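**Q** Sequence plus predicted model, see below.
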Amino acid sequence: MEIILKQDVAHVGQANDIVTVRNGYASNYLIPQGYAIMATSSAKKIHAENLKQRAHKESKIREQALAAAGQIDGLTVNVVAKVSSSGKIFGSVNNIQIAEALVAKGYDIDRRNITILGGDDHVKEVGIYQAEVKLHRDVKVRIQFEVVGE
């Protein structure tokens, strides 16, 4: 039986794939669980139109992400933290503070899309560090952030 997958199914295929599986597997498991629909001729036409529209939207979103990447690339932001006399930070600086610093500069980026490079998610000393900002699935930009004391 030919089906259109609504979501990823292990050992069968990815979402939006048209695959052929055994009749029992499709009618007893995949379709009742909501993982797939039958691939009738009308469903295939609707599926093709949805993919075409989604590709058009994705290209626009990707172009916007590339434009934003051009503005953000090479940006340096300052993150202010309370510091001891030895240069250690009370607490740590994480992606939340970087997101707040970017908002202060006029870039609204979700904190979940910011990754601190260097292996550790928390910065505990004053200095200059790098972070990666994910603007789109394919578009990532590196920025520098400087941790300074109050």
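**A** Looks like it came in fine.
**Q** distance between the lengthiest helix in the chain and the chain's centre?
**A** If you go by DSSP state H, the chain has its longest helix at helix 41-72. What separates the centre of helix 41-72 from the centre of its chain is 15 Å, taken as CA atoms, centre = their mean, to the nearest Å.
**Q** Give me the packing partners of it, helices and strands only.
**A** Applying 3 or more CB pairs under 8 Å, 6 or more residues apart in numbering; DSSP states H and E, one finds that helix 41-72 contacts strand 2-5, strand 140-149. Bear in mind the C-beta positions are built from the backbone N, C-alpha and C, glycine included.
**Q** looking at those, which one has the lowest mean pLDDT?
**A** Ranked by mean pLDDT, those end with strand 140-149 at the bottom, a mean of 90.
**Q** Spell out the secondary structure type for Asn16.
**A** Secondary structure state of Asn16, per DSSP: H, G, I helix; E, B strand; the rest coil, is coil.
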